[in-house]
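**Q** I need the structure of the sequence given here:
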Amino acid sequence: MTDRQNRVGSKFGGGGVSSQQQSERERKERLRELALETIDLAKDPYLMRNHLGTYECKLCLTLHTNEANYLSHTQGKKHQAGLARRAAMEKKLARQKGETDVMMPLKSALQSTRSATKVKIGRPGYEVSKSRDPLTNERSLTFELHYPELDENRQPRHRFMSAYEQRVETPPDRNYQYLLVACDPYETVAFKIPNEPINRGEGRFVTNWDTTGKVFTLTLHFLEGHSSPKD
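**A** Coordinates of the predicted model:
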């Protein structure tokens with residue numbers, strides 16, 4: 001048996017001089033007790049206890065057997081470096097958010113100004129006429145819309161919409177389709193026409209925009225021998 005009392009430098013009854021490892025363990029234990037007194041682990045956002053009863057550091061993705069081991073980890077270089085990176089990232093995000101918060105009121109003010117200056121005029125005046133070509137016997141429709149208050153840089157646009165796209169008439173009737181003519185700031189106008197094939201040959205489907213009179217004209221011909229689909 002080793003005699004610890006009679007070692008060089010030890011006092012009688014003192015149990016001998018502790019080793020370096022023992023001193024290190026005692027130091028860590030003192031630090032742990034001090035940390036437990038000053039640190040509230042319940043408020044640590046990075047500490048998580050898993051279903052196995054061990055502890056995890058969500059910042060460093062490390063496992064720890066007990067709270068003391070986790071506290072020792074928090075004082076290490078890896079955890080401290082992770083905290084520094086996280087703080088730098090949050091500072092950067094806060095700065096970016098501040099710049100965004102400054103720009104958003106400016107953007108909203110510009111949008112409000114544009115909305116205030118953008119006045120809806122209403123529905124344009126229009127005329128619809130029907131006719132039949134004496135040579136081909138094709139039925140035709142001519143739409144004439146008037147936009148007297150329209151700016152010089154604007155021009156009406158048109159497109160066709162199926163009965164299943166619109167949400168005004170229910171249930172949709174597949175025997176009809178819709179011709180839409182739009183030009184801001186005027187309201188969009190929709191014309192309900194037969195759902196029949198349209199002749200898009202030369203001279204059979206014509207659009208014209210009179211920049212002087214501000215009149216939009218569209219003429220279309222239905223192909224002869226075709227009728228609307230029946231249910």
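
**Q** just the helices in this protein please.
**A** Counting by DSSP state H, the chain has helices at residues 20-38, 67-74, 77-117.

**Q** so the shortest one versus helix 20-38, what angle?
**A** Okay, so that is helix 67-74. Helix 67-74 runs at 90 degrees relative to helix 20-38, counting by axes from the mean of the first three to the mean of the last three C-alpha atoms, to 10 degrees.

**Q** May I see the buried residues of helix 67-74?
**A** Residues of helix 67-74 classed as buried under the neighbour-count rule (16 or more other C-beta atoms under 10 Å) are 67-68, 70-74. All C-beta spots, glycine's among them, are computed from the backbone N, C-alpha and C.

**Q** Tell me how many other residues surround residue 195.
**A** A total of 17 residues lie near residue 195 under the criterion other C-beta atoms under 10 Å.

**Q** now residue 215
**A** Other residues near residue 215 come to 19 when the count uses other C-beta under 10 Å.

**Q** beta partners of it?
**A** With DSSP bridges applied, residue 215 shows beta-bridge pairing to residue 146, residue 210.

**Q** contacting residues around it?
**A** Under the criterion of C-beta atoms under 8 Å, 6 or more residues apart in numbering, the contact partners of residue 215 comprise 144-147, 209.

**Q** Okay, now the unreliable bits of the protein?
**A** Along the chain, the parts satisfying pLDDT under 70 run over 1-18, 32, 35-38, 98-119, 226-231.
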